[in-house]
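In: using only what follows, build the 3D model:
(chains A and B)
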Protein chains: 2
Amino acid sequence: MARWEGNTRGRLERAALDLFTKQGYDRTTVAQIAKRANLTERSFYRWFTDKREVLFGGSEELEERFLAVIEVAPEGTDPLTTLMAAFSTAPEVIRPREFLRERSAVIAANPPLQERELIKLATLSQALTAALENRGHDSQTARLATDAGMAILRLAGERWMADENADHARLLSDCAADLLAVLTADGAPTQP
Amino acid sequence: MARWEGNTRGRLERAALDLFTKQGYDRTTVAQIAKRANLTERSFYRWFTDKREVLFGGSEELEERFLAVIEVAPEGTDPLTTLMAAFSTAPEVIRPREFLRERSAVIAANPPLQERELIKLATLSQALTAALENRGHDSQTARLATDAGMAILRLAGERWMADENADHARLLSDCAADLLAVLTADGAPTQP
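Out: Numbering: from 1, shown residues only, chains lettered A, B, ... in the order given. Got it, this is the predicted structure:
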């Protein structure tokens, strides 16, 4: 975290989030973000293509990390177990809790950011599905496992943000159990 | 279907899809779509806010239909069963198979359409989650059930488009069973 907050990109992200929170996303300019981070607009654009993108720093690292784990999953591992192993590396890459909480609030308040987030999540989903296919899973199973996995990851992330003491790996398995409970509820149409 | 294809909106949708398929989405104008449907540009804008929107006709009806079913679900019904009952009404509202197949191909080839679709699906998800909350389910369970339900609905829709003789209700329960198999790790093993 210290490393992230100290580097150029981290400073830009922190400055942007502060301004978005204080004065609103719409009223914040790239020039203001750069100034607050004691950097130039040019350095901003070295890291981010636009103002929206600054809240999604780290999504490539997250994807890379996940894909690296999937690639080396032991043969015969079922796809959801493979995804859970990948997701358990998230705490090594994601931003600090406090940052993510503020970030969520800003995104929730701004439809253009919500759209960007949807696209980011869809891109991650596609990459995960493709990686599972590469491991020999058929495409429908790979996609279903990804959908289930992403639902679990999202809920675990929400609980993780809300609870300072929560353990991410533990939350992942709790959320997987909750999803299973939803699917096996009495009368669920899982029988023909 | 006959009714849909005969009405103004249906004619515009059909004309748009024909042109998108033949000459590409980018090179098609609203004027061309209206002309092909023997209508004016004004009638186009009476139904659709823009060119992208013409491929998403019917999404409001689908949502309305789903919400109406959820609203009258018997008390104590688990959330996924409620969603499955709602989804089973889809064939009454969705466009003909052939139309949906062509539509999928056009969307897959055009990132702006993919984005619009993501937004439409997210909007539908939010509405379903809110409707489940109104039925007394806590928000995390409502959201998990929605995520599971949307994964099932998507896969069932894919299989439905691919198979002329498939029964939508049957596909829904098959896909729910497949999702359960993914979660309990006894899905079809991909390696011997």
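In: can you list the domains in chain A?
Out: Listed by automatic domain parsing, the domain ranges of chain A are A:1-55, A:58-186.
In: need these in JSON lines (columns: distance to chain B, mean neighbour count and mean pLDDT).
Out: C-beta coordinates here come from the backbone N, C-alpha and C atoms, glycine included. Shown next, in JSON lines, are those (distance: least, Cβ to the nearest Cβ, whole Å; neighbours: other Cβ atoms under 10 Å in any protein chain shown; pLDDT from 0 to 100):
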{"stretch": "domain A:1-55", "distance to chain B": "13", "mean neighbour count": "16", "mean pLDDT": "90"}
{"stretch": "domain A:58-186", "distance to chain B": "3", "mean neighbour count": "18", "mean pLDDT": "94"}
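In: distance to B:P79 for those - can I get that in CSV?
Out: Listed next are the domains of chain A as CSV, based on distance: least, Cβ to Cβ, whole Å:
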stretch, distance to B:P79
domain A:1-55, 31
domain A:58-186, 7
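In: centroid residue for chain A?
Out: A:S59 (6.3 Å; Cα atoms, centre = their mean).
In: what sits closest to that residue if chain neighbours are left out?
Out: Nearest residue to A:S59 in three dimensions, chain neighbours excluded: A:K120, at 5.4 Å (Cβ to Cβ, 6 or more residues apart in numbering or on different chains).
In: quick one, phi psi at the one you found?
Out: phi -60, psi -40 (degrees, to the nearest 10).
In: ok, it touching A:G58?
Out: No. Using Cβ atoms under 8 Å as the test, A:K120 is too far from A:G58 to be in contact (10.6 Å).
In: run through who's touching stretch A:14-26.
Out: A:5, A:28, A:32-34, A:36-37, A:51, A:54-55, A:99, A:102-103, A:105-106, A:109-110, A:112-113 (Cβ atoms under 8 Å, 6 or more residues apart in numbering or on different chains).
In: now, those that are in helices?
Out: Among the contacts of stretch A:14-26, the ones falling in helices (DSSP state H) are A:5, A:32-34, A:36, A:99, A:102-103, A:105-106, A:109, A:112-113.
In: farthest pair within those?
Out: Largest separation among the ones in helices among the contacts of stretch A:14-26 by Cβ to Cβ: A:E5 and A:P112, giving 25.9 Å.
In: which residues of chain A fall in helices?
Out: With DSSP H as the criterion, chain A has helices at A:2-6, A:8-23, A:30-36, A:41-47, A:59-71, A:79-87, A:90-93, A:97-109, A:111-134, A:139-162, A:168-183.
In: turn those helices into a markdown table, columns for distance to B:A185.
Out: A markdown table is the format used below for these (distance: least, Cβ to Cβ, whole Å):
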| stretch | distance to B:A185 |
| --- | --- |
| helix A:2-6 | 35 |
| helix A:8-23 | 38 |
| helix A:30-36 | 45 |
| helix A:41-47 | 40 |
| helix A:59-71 | 16 |
| helix A:79-87 | 6 |
| helix A:90-93 | 21 |
| helix A:97-109 | 30 |
| helix A:111-134 | 14 |
| helix A:139-162 | 10 |
| helix A:168-183 | 10 |
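In: what's the closest of the ones you listed to B:M161?
Out: Closest among the helices of chain A, once you apply Cβ to Cβ, is helix A:139-162, at 13.2 Å.
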